[in-house]
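[1] this one's sequence-less:
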Ligand SMILES: [Zn+2]
């Protein structure tokens with residue numbers, strides 16, 4: 001066989017393979033798209049603490065369960081129509097929810113974060129702080145710690161005092177969560193003057209700051225993807 005004949009044969013074989021090759025490439029492309037899509041949807045699970053008969057901190061008429069829900073709903077509203085992001089609330093209204101139920105919602109997602117929203121209390125009415133807790137034993141500890149530190153920076157202006165720390169006690173809302181997880185105590189409700197929470201713009205401000213921290217967290221994750 002001459003080299004021209006060999007070339008012709010090779011070309012004929014290639015032509016014969018073309019439809020199959022084309023289909024394979026198409027299939028690979030479709031699969032890749034599917035994977036990319038799955039990677040893109042990032043689930044932000046917002047968990048307003050307490051609910052129903054469990055008020056949480058109840059001080060000067062401020063109920064932790066109500067304020068936490070207000071902030072979560074505001075954040076959900078602001079996250080609507082964001083491409084690649086889905087906001088999920090563990091509770092949508094004033095009803096109780098077990099830790100198991102909250103955990104099951106969080107663990108039904110593999111790509112996302114869990115943010116439990118609470119308010120704190122102190123025996124000293126001069127103490128006021130935003131506290132962000134993570135669990136030492138949690139899965140994805142490094143990512144939880146990174147998110148906590150971003151939240152600490154963003155939420156500083158809520159009460160001009162914020163700290164991010166590893167919980168020294170078993171923090172039940174975070175136990176067994178398989179995605180990066182933090183618990184935020186947005187403010188100390190026993191502080192002598194928390195009247196700024198009477199103004200709905202405070203929940204607005206807090207939810208915007210939470211989203212800023214989440215945006216920074218997500219942007220860094222995207223950078224890490226090759
Ligand atoms: Zn609480």
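    Perfect, thanks for sending it. It should be emphasised that the depicted structure is a prediction, and the values quoted were computed from it without experimental measurement.
[2] how about the strands in this protein?
    Counting by DSSP state E, the segments of the chain that form strands are 42-48, 58-59, 62-63, 85-89, 112-120, 130-134, 162-166, 181-188.
[3] gap between the third one and the chain center?
    Remark: strand 62-63 is offset 25 Å from the chain centroid, using CA atoms, centre = their mean, to the nearest Å.
[4] stretch 84-96 now?
    Averaging C-alpha positions (CA atoms, centre = their mean) puts stretch 84-96 12 Å from its chain's average.
[5] in this structure residue 220 contacts residue 143, no?
    No: counting by CB atoms under 8 Å, no contact exists between residue 220 and residue 143, whose distance comes to 9.7 Å. Just so you know, the C-beta spots here come from the backbone N, C-alpha and C atoms, and that holds for glycine as well.
[6] neighbour count winner among these two?
    More crowded of residue 220 and residue 143, by other CB atoms under 10 Å: residue 143, with 19 against 13.
[7] not counting sequence-adjacent ones, nearest residue to that one?
    Here the nearest residue to residue 143 in space, its sequence neighbours aside, is residue 180; by CB to CB, 6 or more residues apart in numbering that works out to 3.9 Å.
[8] so the one you found sits against residue 149, correct?
    No: look at residue 180 against residue 149 with CB under 8 Å: they stay out of range, at 12.0 Å.
[9] for the closest residue to residue 88 other than its chain neighbours, give me its contacts.
    Nearest residue to residue 88, sequence neighbours excluded (CB to CB, 6+ apart): residue 45, at 4.8 Å. Shown in contact with residue 45 (CB atoms under 8 Å, 6 or more residues apart in numbering): 88-90, 105-106, 109, 112-115, 179.
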